[in-house]
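> Fold the following and give me the result.
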Amino acid sequence: MDLEIGHADQPVVASITFHKPGDSKGVVLRDNFLVKIFDVRSKRLVLDYKGSDPRVGPFTLIVHGERATLETAGTHINSDFSWLM
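The predicted model follows:
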């Protein structure tokens, strides 16, 4: 998963590119996601996607520091997360 970050008064998530295993191109999601928390100083992010694109099911991404959890279809996938912008 790649996040495109835009800057207004503060950083915002502009789009998400979701990659399934083996998919190098990915699916770009530009809407129907809600960023509940996005704090680059404390390195916290909570993002919900409702699943409006049939290629990508609903998911929640939760990030604390350098660790991320992707919750989808009752599955929790833990991974590293980079805050490099």
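> residue nearest the centroid of the chain?
Per CA atoms, centre = their mean, the C-alpha nearest to the average position across the chain is that of Leu61, at 5.4 Å.
> how about that one, phi and psi?
phi -110, psi 130 (degrees, to the nearest 10).
> From Ser79, how far out is it?
Plainly put, Leu61 is 10 Å away from Ser79 if you go by CB to CB, to the nearest Å. Every residue, glycine included, has its C-beta placed from N, CA and C.
> Just confirm Met67 contacts Ser82, I think it does.
Heads up, residue 67 is Arg, not Met. No - under the contact definition of CB atoms under 8 Å, Arg67 does not touch Ser82, with a separation of 11.2 Å.
> Excluding chain neighbours, what is closest to Met85?
Nearest-residue entry for Met85: Ile5, 5.5 Å, with adjacent residues in sequence omitted and distances by CB to CB, 6 or more residues apart in numbering.
> Could you say which helix or strand holds Val46?
Element membership for Val46, per DSSP states H and E: strand 44-49.
> Direction included, what does that strand pair against?
For strand 44-49, sheet partners with direction are given as strand 33-39 (antiparallel), strand 59-64 (antiparallel), following DSSP bridges.
> on that earlier part again, what are the bridge partners for the residue nearest to Met85, then?
Taking DSSP bridges, one obtains Val13 as the residues bridged to Ile5.
> dump the residue contacts of it.
Ile5 is in contact with 11-14, 85, counting by CB atoms under 8 Å, 6 or more residues apart in numbering.
> so who does Met1 touch?
In this structure, Met1 makes contact with 16-19, 61, 70, judged by CB under 8 Å, 6+ apart.
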